[in-house]
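> Dropping a prediction and its sequence here:
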Amino acid sequence: MDTNTSTERLMADLQAVVRDTENLLKATAGDASERAAKARAHAEESLHKARARMSELEHDLAARTREAAQKTNAYVHDNPWPSIGVAAGVGLLVGLLIGRR
């Protein structure tokens with residue numbers, strides 16, 4: 001399993017936790033008992049942490065994406081002919097696959 005898949009899975013899990021916590025907070029908003037108030041406070045704290053972690057992951061993913069794009073750009077500029085050859089080969093392969101339909 002690669003890092004991107006793990007990050008995407010973690011993001012999906014955190015988004016599910018945020019949704020569930022928001023729904024729980026809405027569902028228990030009318031309950032004024034001390035126990036419910038403590039549970040809501042704990043859920044709000046967990047929600048805040050999950051949102052902060054999601055934000056960190058989004059920034060990390062964006063930074064890694066920019067870094068990969070910069071490395072690709074540098075490679076293409078340093079090796080233009082092999083890059084053109086690969087692009088032409090991929091284009092030919094895609095053309096052949098589309099032509100078979």
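Yes, it's here.
> after the host helix or strand of residue 72, next one along is what?
Assessed by DSSP states H and E, residue 72 sits inside helix 34-78. Next helix or strand after helix 34-78 toward the C-terminus (DSSP H and E): helix 80-99.
> list the helices and strands the helix holding residue 72 packs on?
Applying 3 or more CB pairs under 8 Å, 6 or more residues apart in numbering; DSSP states H and E, one finds that helix 34-78 contacts helix 3-27. Glycine gets a C-beta too; all of them are placed from N, C-alpha and C.
> Distance from the chain centre to the helix holding residue 72, please.
Remark: helix 34-78 is offset 8 Å from the chain centroid, using CA atoms, centre = their mean, to the nearest Å.
> what angle separates it from helix 3-27?
Between the axes of helix 34-78 and helix 3-27, defined by axes from the mean of the first three to the mean of the last three CA atoms, to 10 degrees, the angle is 150 degrees.
> Centroid-wise, who is the farthest residue in this structure?
Distance from the C-alpha centroid of the chain peaks at residue 33, with 37.7 Å (CA atoms, centre = their mean).
> Report the buried residues of the helix or strand of the chain with the lowest mean pLDDT.
The helix or strand of the chain with the poorest confidence is helix 3-27; it has a mean of 77 (mean pLDDT, DSSP states H and E). Residues of helix 3-27 classed as buried: 14, 17, 18, 21, 24 (neighbour count, 16 or more other CB atoms under 10 Å).
> Next, the contact list for the first one, please.
By CB atoms under 8 Å, 6 or more residues apart in numbering, the residues touching residue 14 are 50, 53, 54, 57.
> Against residue 11, how distant is the last one?
Going from residue 57 to residue 11 by CB to CB, to the nearest Å gives 6 Å.
> so what sits against both of these two?
Between them, residue 57 and residue 11 share no contacting residue, judged by CB under 8 Å, 6+ apart.
> if we can go back for a sec, with the contacts of residue 14 in mind, which one is nearest to residue 92?
residue 57 (38.0 Å; CB to CB).
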